[in-house]
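Participant: Sharing a model that was predicted from the sequence below.
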Amino acid sequence: MRIFSIVVILMLLVSMSGCMGSNQSQTTTTTMDRLASIPNGAVKITPETDAFPPVLHSNEWEAPVPLEGPINTAGAEDSPFVTPDGKNLYFFFTPDVNVPPQKQLVDGVTGVWWSRKVNGKWSEPVRVVLGSTESLDGAVFILNDTMWFASVRKGNYGEVDIYIAKFRDGRWTDVKNAGELLNRVYDVGELCISPDGRTMYYGCGGDICMMDYVNGSWVNPREVPNINSELNEDQPFITPDGRELWFTGQSRLGYPGPAVFRSVWNGSGWSEPEEIISNFAGEPVLDAEGNIYFVHHFFTKDMKMIEADIYVAYKKKS
């Protein structure tokens with residue numbers, strides 16, 4: 001059973017994603033469509049009104065804050081991916097987490113959105129249409145000119161399949177299903193690929209697995225040693241230098257909801273994971289400077305989810 005953020009939020013409604021240039025353009029809807037789609041009276045949570053603010057357990061980063069600029073709204077921003085240069089942000093957006101996925105499929109705004117950092121500021125996000133307007137797309141990962149993403153659409157091998165798109169002539173195109181091997185045989189969940197393109201890390205039934213790219217095919221699927229526990233682990237990310245494995249897991253320190261973990265390559269394997277950010281934090285992705293971008297879900301004290309924002313913890317300057 002694969003665990004995708006878009007499925008968790010849209011279908012289950014419980015809390016438990018390389019290098020591109022900065023000159024990208026996309027197929028888009030207008031920004032006003034996104035804002036206008038948010039229900040009247042939707043509650044925008046702020047750090048001051050957050051019942052479970054993110055808790056940082058490391059002095060390597062500044063305290064987590066909502067990502068600045070026009071990214072976060074009273075809707076749900078989720079599943080971030082940031083290119084290593086820190087100039088392109090992809091995220092999943094849906095205007096109302098309480099709307100059934102059948103309605104989100106045709107609302108014209110739910111899906112993948114993109115913002116570019118220009119002169120130090122994030123631009124107004126625009127929607128990325130990935131081959132089909134009748135789909136629920138999210139969980140983006142990009143390596144070089146290839147985007148991997150999760151999608152609910154007709155023709156899938158399962159409920160949620162992995163798809164691939166190519167960046168050509170300033171847009172994402174050549175969208176295709178990643179194939180039966182990954183989607184039916186291996187049942188790959190949210191994934192990332194090492195910077196050298198040789199190893200895929202992915203969610204596999206509440207654990208994190210890996211496999212190798214050999215002679216044009218993905219082979220040798222197995223659990224990642226020293227990472228998994230009796231709790232859930234998912235949504236892995238390898239840093240641009242290939243030296244750190246980050247992932248989402250249930251808190252091992254007693255905090256509610258998911259937490260962000262880090263493991264470091266020691267030359268022969270991954271170190272014991274360290275819980276870095278707790279309290280409904282997940283789907284970490286880091287740029288080349290070591291800044292941590294993640295999704296933070298806002299919950300009431302009686303554990304009802306309200307919305308979600310993209311947060312960032314900036315790496316302290318040495």
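Facilitator: Right, received. Where do you want to start?
Participant: hey, let's count contacts and neighbours off CA atoms from now on
Facilitator: Will do.
Participant: Could you report the separation of the residue sitting nearest the centre point of the chain from Glu272?
Facilitator: Residue closest to the average C-alpha location in the chain (CA atoms, centre = their mean): Ser79, at 2.9 Å. Distance, Ser79 to Glu272, using CA to CA, to the nearest Å: 25 Å.
Participant: do the same with Ile306
Facilitator: For Ile306 relative to Glu272 (CA to CA), the value is 33 Å.
Participant: Counting neighbours, go ahead and name the busier of the two.
Facilitator: Comparing Ile306 with Glu272 by other CA atoms under 10 Å, the one with more neighbours is Ile306, at 19 against 15.
Participant: any idea of the pLDDT on that one?
Facilitator: You'll see Ile306 listed with a pLDDT of 94.
Participant: what comes up buried for stretch 110-123?
Facilitator: Thr110, Gly111, Val112, Trp113, Trp114, Ser115, Arg116, Lys117, Trp122, Ser123 (16 or more other CA atoms under 10 Å).
Participant: Helix, strand, or coil at Pro80?
Facilitator: Taken by DSSP: H, G, I helix; E, B strand; the rest coil, the conformation at Pro80 corresponds to strand.
Participant: what about the residue nearest to it when sequence neighbours are not counted, which helix or strand?
Facilitator: Distances taken as CA to CA, 6 or more residues apart in numbering place Phe91 nearest to Pro80, at 4.4 Å, with adjacent residues excluded. Here Phe91 is covered by strand 88-94, with elements defined by DSSP states H and E.
Participant: Please work out which residues outside that strand touch it.
Facilitator: 6, 20, 22, 75-83, 104, 109-117, 137-140 (CA atoms under 8 Å, 6 or more residues apart in numbering).
Participant: mind checking how far the helix or strand that that strand is followed by is from the chain centre?
Facilitator: Going down the chain from strand 88-94, the next helix or strand is helix 101-104, by DSSP H and E. From the chain centre to the centre of helix 101-104 is a distance of 20 Å (CA atoms, centre = their mean, to the nearest Å).
Participant: before we move on, the earlier item: from the buried residues of stretch 110-123, which two are the most distant?
Facilitator: Spatially, the most separated pair among the buried residues of stretch 110-123 is Thr110 and Lys117, at 22.0 Å (CA to CA).
Participant: Can you name the residues that contact Val43?
Facilitator: By CA under 8 Å, 6+ apart, the residues touching Val43 are Ala74, Ile306.
Participant: Does it lie in a helix or a strand, and which?
Facilitator: Using DSSP H and E, Val43 falls outside every helix and strand.
Participant: so where's the protein uncertain?
Facilitator: Within the chain, the segments meeting pLDDT under 70 span 1-32.
Participant: circling back to that earlier point, isn't the residue nearest to the centre of the chain right next to Ala139, touching?
Facilitator: Yes. Counting by CA atoms under 8 Å, Ala139 is a contact partner of Ser79 at 5.5 Å.
Participant: What is the burial count for the nearest residue to Leu182 once chain neighbours are set aside?
Facilitator: Among residues not flanking Leu182 along the chain, Val188 sits closest, at 5.6 Å (CA to CA, 6+ apart). Neighbour count of Val188, defined by other CA under 10 Å: 26.
Participant: Thought Val160 was touching Val188, still the case?
Facilitator: No. Using CA under 8 Å, Val188 makes no contact with Val160, being 9.6 Å away.
Participant: Pull the contacting residues for Glu244.
Facilitator: Taking CA under 8 Å, 6+ apart as the test, what Glu244 contacts is Ile238, Arg262, Ser263, Val264, Trp265.
Participant: ok, and the closest non-adjacent residue to it?
Facilitator: Per CA to CA, 6+ apart, closest to Glu244 is Val264, 4.6 Å.
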